[in-house]
Each structure stands twice: as structure tokens, then as C-alpha cells.
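K.L.:
Sequence plus the predicted model coming up.
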Amino acid sequence: MKIKVLGSGTAIPSLKRVSSAYLVITEKCNILVDIGPSVVRRLLEFGYSVDDIDVIFITHFHVDHTADLSTFFFACNYGEVMRTKPLFIAAGHGMLRFYKNLSKVYPWILPKLYELKLYSFQGEAVEIFDIKARAARVNHNKESVGIRIDSDGKSAVFSGDTDYSVNLAKLAQGTDILVVDCAFPEKKVKGHLNLNTLERIVKKAVPKKVLLSHLYPEWEDYRGVLHAPYLMAEDGMEILL
């Protein structure tokens with residue numbers, strides 16, 4: 001399993017970081033985790049197209065995690081090559097309603113030549129291609145979920161946006177990498193983690209690596225030292241598990 005950081009930032013416009021999103025590459029499929037602004041272009045920058053993506057997981061429906069979904073759908077129908085292979089999308093509660101409302105605004109996104117499979121996580125694991133995916137409710141929006149992907153004997157957990165969450169600690173138990181919202185180094189904002197609250201989760205979950213992402217501009221002036229297992233995400237970073 002390989003993880004490519006497409007974006008490590010937030011909804012705040014930045015030339016350094018686009019909104020947090022990740023490409024997970026396994027032996028048999030390519031997965032997008034979140035699809036905020038500029039993700040479709042970012043895929044092209046790293047040598048991928050929308051047709052290379054088999055699965056999209058969405059942690060919640062805030063604009064910085066979903067804005068490019070309509071762009072992605074449109075490109076599937078009207079790109080240089082029209083998509084014909086199936087596309088699987090899963091998110092928390094309300095995924096079907098979210099898609100129906102989006103297609104009312106943009107009817108051009110309805111699939112022309114490919115099958116679209118939509119799924120809302122309800123607690124049970126999802127098995128598709130060579131992956132097993134599980135989700136757990138986290139503390140941000142009512143539909144917010146953290147997502148665990150197991151494949152090739154490795155695992156990766158993506159928190160999405162969250163405050164302190166016992167569910168996330170359980171989901172991330174012993175994972176190879178926890179890719180986690182750590183919005184601020186020290187400041188505490190409801191619905192997000194900082195280093196102090198994140199440490200409580202890490203002590204319970206004991207992941208092998210912790211990748212700090214969804215980073216607000218305050219991180220650019222941070223002068224502290226991060227020790228293992230903590231790493232700071234950068235756009236374009238690649239991690240091989």
C-alpha cells in the first residue's frame with residue numbers, strides 16, 4: 001500500500017497546501033480519500049486521471065472535502081476519454097441524499113457510460129477489490145466518519161475532521177499509519193484536534209506512524225519539534241507502507 005498526499009491543508013486558500021485529500025494505491029485499485037477543491041487537477045499533476053480512480057471515500061460533506069466531486073463526475077462523462085468502468089463511492093450517513101441533491105444542481109454529472117455504486121457506512125465492513133474498509137463515527141459533523149483501509153497486509157486510518165474521539169482510537173488500534181486532522185499545534189478549536197488532544201488518541205491506538213494533516217496556517221510558524229511516530233504532511237508527500 002502506498003499513500004500520496006494530494007493536499008494537507010484546509011478551506012483557507014493557500015499556495016502551499018490545498019485542502020486535505022489522499023490517494024491510496026493498492027495492488028488492485030486506486031482510492032481517493034476526500035475530494036476537496038483542486039483534487040482533480042492535483043491528480044493530473046501527479047500523473048493520474050479520474051479514470052484511474054476506482055473508489056472514493058468521503059469522511060464528511062464540508063466543502064473542503066467534497067468540492068471537486070462534481071468536477072470529477074463531469075470529467076468522467078466529458079473528459080478526453082469517457083469513463084466506462086464502475087465507480088464505487090462510500091461515505092457516512094446521508095451519502096445518497098447528498099448525491100441526489102448534487103445531481104439536481106448539476107444534472108450533467110449523472111453517469112453516461114459507467115455504473116456508479118453509492119454506499120453509506122452503517123457499521124459493517126465493506127470489501128471491494130483487494131481492500132476491506134471500515135468506518136466509525138467521529139466528532140465533527142453528524143455524518144463524519146473516520147475510515148480504516150486494510151489491504152496487502154497493511155492498514156491506514158483516515159480521521160477526517162474530528163475532535164477527541166474514542167471511536168477513532170478504537171478504529172486506529174495498531175494501524176500502520178493514522179492520517180489525522182491536527183488543525184493547530186496548540187490552539188483548541190471545537191471539532192478539531194491539536195497536539196495535546198491527539199496525543200490521548202495516539203496513546204490508546206498505538207499506531208506505527210501518525211501523519212498530521214488538515215493543517216491551518218498556524219503550523220507554518222510552529223517552532224516545536226515533532227518526534228516519532230509523528231510526521232507533518234506536505235502536499236506531494238509519498239508514504240510506502
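P.N.:
Great, that's in hand. Residues are numbered from 1 along each chain as shown.
K.L.:
Would you map the helices across this protein?
P.N.:
Using DSSP state H, the helices of the chain run over residues 39-45, 63-66, 69-78, 95-105, 166-171, 195-205.
K.L.:
Tell me how many other residues crowd the nearest residue to L198 once chain neighbours are set aside.
P.N.:
Among residues not flanking L198 along the chain, C182 sits closest, at 5.3 Å (Cβ to Cβ, 6 or more residues apart in numbering). (Glycine included, C-beta is placed from N, CA and C.) Neighbourhood size, C182 [other Cβ atoms under 10 Å]: 23.
K.L.:
What pLDDT is listed against C182?
P.N.:
Reading off the confidence values, C182 has pLDDT 98.
K.L.:
Nearest residue to the middle of the chain?
P.N.:
Nearest residue to the geometric centre of the chain (Cα atoms, centre = their mean): V33, 2.9 Å.
K.L.:
Without its sequence neighbours, what residue ends up closest to it?
P.N.:
Y22 (4.4 Å).
K.L.:
any idea how far the one you found is from K154?
P.N.:
In this structure, Y22 and K154 are 14 Å apart, going by Cβ to Cβ, to the nearest Å.
K.L.:
what sits against the residue nearest to V33?
P.N.:
Contacts for Y22 (Cβ atoms under 8 Å, 6 or more residues apart in numbering) come out as I3, K4, V5, L6, L32, V33, D34, F158, V179.
K.L.:
quick one on the thing from earlier: ok, the residue nearest to the centre of the chain to H65 distance?
P.N.:
For V33 relative to H65 (Cβ to Cβ), the value is 9 Å.
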